[in-house]
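> model the following, please.
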Amino acid sequence: MSIAVCPGSFDPITLGHVDVVRRARSMFDEVVVAVAHNSSKRSLLSPTERVRLAADALRGVDGVRVVATDGLLVDLVRDLGARAVVKGLRSGADLDAELAMALMNRHLSGVETVFVLGDPGLAHVASSLVKDVARHGGRIEDMVTPTVAAAVRHALTPAAGDEGGDAR
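So this is what the prediction gives:
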């Protein structure tokens with residue numbers, strides 16, 4: 001059975017992420033979406049909430065599961081017996097950002113990274129932009145699932161306090 005890991009912070013998961021995972025699933029028997037906790041990033045949503053939202057967004061996609069991780073990606077890949085890491089690319093800038101990580105992962109473990117070109121119709125969608133649009137009252141429902149949109153809006157309300165995220 002071929003397993004691939006699709007890592008990211010998914011803060012929040014977008015329709016672009018969902019597209020990449022669905023297409024990765026067509027290449028591998030199982031895709032494990034690894035929701036990473038990066039203490040150097042200011043997350044809007046807690047790791048637990050990001051895992052829940054990713055699982056909800058990918059519900060119904062057979063052969064996909066969502067896990068939380070906070071260690072080295074290569075350790076997770078080894079523990080799962082995965083054959084590859086899958087990363088989505090929207091542009092050349094994404095390749096520039098991902099190339100060094102892919103080469104380091106290969107150096108540390110021998111695991112290859114498979115780059116999946118994102119849907120051009122979603123090339124403008126990034127988690128950071130979704131949060132910025134939502135912060136300013138803009139419409140995000142065409143970039144994320146309804147459940148994710150509601151969670152982002154809730155996390156951005158002043159009354160949400162410290163419930164939803166690591167830092168505000």
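
> and the longest helix for the protein?
For the chain, the longest helix by residue count, based on DSSP state H, is helix 92-109.

> and it, what does it pack against?
helix 73-80, strand 84-89, strand 112-117 (3 or more C-beta pairs under 8 Å, 6 or more residues apart in numbering; DSSP states H and E). C-beta here means a position set from N, CA and C on the backbone, and glycine is covered the same way.

> can you give me the buried ones in it?
Asp94, Glu98, Ala102, Asn105, Ser109 (16 or more other C-beta atoms under 10 Å).

> doesn't Leu76 make contact with the last one?
Think Ser109. No - counting by C-beta atoms under 8 Å, Ser109 sits too far from Leu76 to count as a contact (10.2 Å).

> ranges for the helices of this protein?
Under DSSP H, the chain gives helices at 15-25, 47-57, 73-80, 92-109, 127-135, 146-156.

> can I get the ones you listed in CSV with distance to Ala34?
Shown next, in CSV, are the helices of the chain (distance: least, C-beta to C-beta, whole Å):
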stretch, distance to Ala34
helix 15-25, 11
helix 47-57, 10
helix 73-80, 6
helix 92-109, 12
helix 127-135, 15
helix 146-156, 18
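
> looking at these, which is closest to Val32?
Nearest to Val32, of all these, is helix 73-80, at 5.8 Å by C-beta to C-beta.

> can you list contacts of that closest one?
3, 5, 7, 32, 34, 36, 67, 69, 82, 85, 105, 108-109, 111 (C-beta atoms under 8 Å, 6 or more residues apart in numbering).

> go again using 10 Å as the cut-off
3-5, 7, 30, 32, 34, 36, 65, 67, 69-72, 82-85, 101, 104-111, 113 (C-beta atoms under 10 Å, 6 or more residues apart in numbering).
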